[in-house]
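> kindly generate the corresponding structure for this input.
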Amino acid sequence: KEKSARYIKQLQRKLARQKKGSHRGKKTKQRLARHHRKTANIRKDFSHKTSRSLVDSAKVIIFEDLKTGNMTKKPKAKQDEAGRFLPNQASAKAGLNKAILDKGWHQLESFVKYKAANAGKAVFKIPAPYTSQECAKCGYTHPDNRKEQALFHCGDCGHIDNADRNASLVIKKRAINLLKDTGTVLSERGILLSSDTGR
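Numbers count the residues shown, from 1 in each chain. Have a look, this model is predicted:
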């Protein structure tokens, strides 16, 4: 997939140098379209296989209600007192944004939902705030619990785990607590929320 992405970049640079409307430019456009379709098919195949595996292996499926639009916003420009622009990690953020959008989370979620519906299984979402900072073991929540991208280390009970695994356990625990709570309601977007009004 990375090789294909590099080739697409090469074609895009080549197209930028070519004369608009030329025969060679049209051929380059056709190659670009073909490789974009190939990338989309790879992503779709991954979503189909992963969604099938999830639906077959679980009775209830829980998603974190991630706001990808907010997650992929460009960082704001920073200036010092003299008006000079300061580093804002824009290139690193661009790489992260590309990685997030390339995964096709929305497509995967859509596939899971319709396959789960056909199988008579439930799909819910839970609110996302602080799932990466909360300890799955004791519930202590603090930004310092995740000083490294891949490692979770609770500053209260000392619990150590892979950061993604810890977050998945937090999501599971929150979902179970909300499902057990008689005050939980389901939003129009399928998000489990705590409420005093009852179900």
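> quick one: low-confidence parts of the protein?
Within the chain, the segments meeting pLDDT under 70 span 1-2, 68-72, 75, 88-103, 196-199.
> try 50 this time
197-199 (pLDDT under 50).
> in it, where's the longest helix?
helix 23-57 (DSSP state H).
> for that helix, which residues meet the burial criterion?
Within helix 23-57, the residues scored as buried using 16 or more other C-beta atoms under 10 Å are Gly25, Thr28, Arg31, Leu32, Arg43, Phe46, Ser47, Ser51, Leu54, Val55. From N, CA and C alone the C-beta is placed, and that goes for glycine too.
> ok, those residues vs Ile8, which is closest?
Among the buried residues of helix 23-57, Leu32 lies closest to Ile8 (C-beta to C-beta), at 6.6 Å.
> for the nearest residue to Lys147 once chain neighbours are set aside, the count of nearby residues, please.
Counting by C-beta to C-beta, 6 or more residues apart in numbering, Lys147 lies nearest to His153, which is 7.1 Å off, once chain neighbours are set aside. Under the neighbour criterion other C-beta atoms under 10 Å, His153 is assigned a count of 16.
> can you pull the contacts of His153?
Residues in contact with His153 (C-beta atoms under 8 Å, 6 or more residues apart in numbering) are Asn145, Arg146, Lys147, His159, Ile160.
> just the buried ones among the residues you listed, please.
Neighbour counting with 16+ other C-beta under 10 Å marks Asn145, Arg146, His159 as buried within the contacts of His153.
> now secondary structure and distance to Lys74 too, for those residues, in TSV please.
Below are these laid out as TSV (DSSP: H, G, I helix; E, B strand; the rest coil; distance: C-beta to C-beta, whole Å):
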residue	secondary structure	distance to Lys74
Asn145	helix	28
Arg146	helix	24
His159	coil	35
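> show me the beta-bridge partners of Val185.
For Val185, the beta-bridge partners under DSSP bridges are Leu193.
> pretty sure it contacts Leu179?
No: using C-beta atoms under 8 Å, Val185 is not in contact with Leu179; the gap is 11.8 Å.
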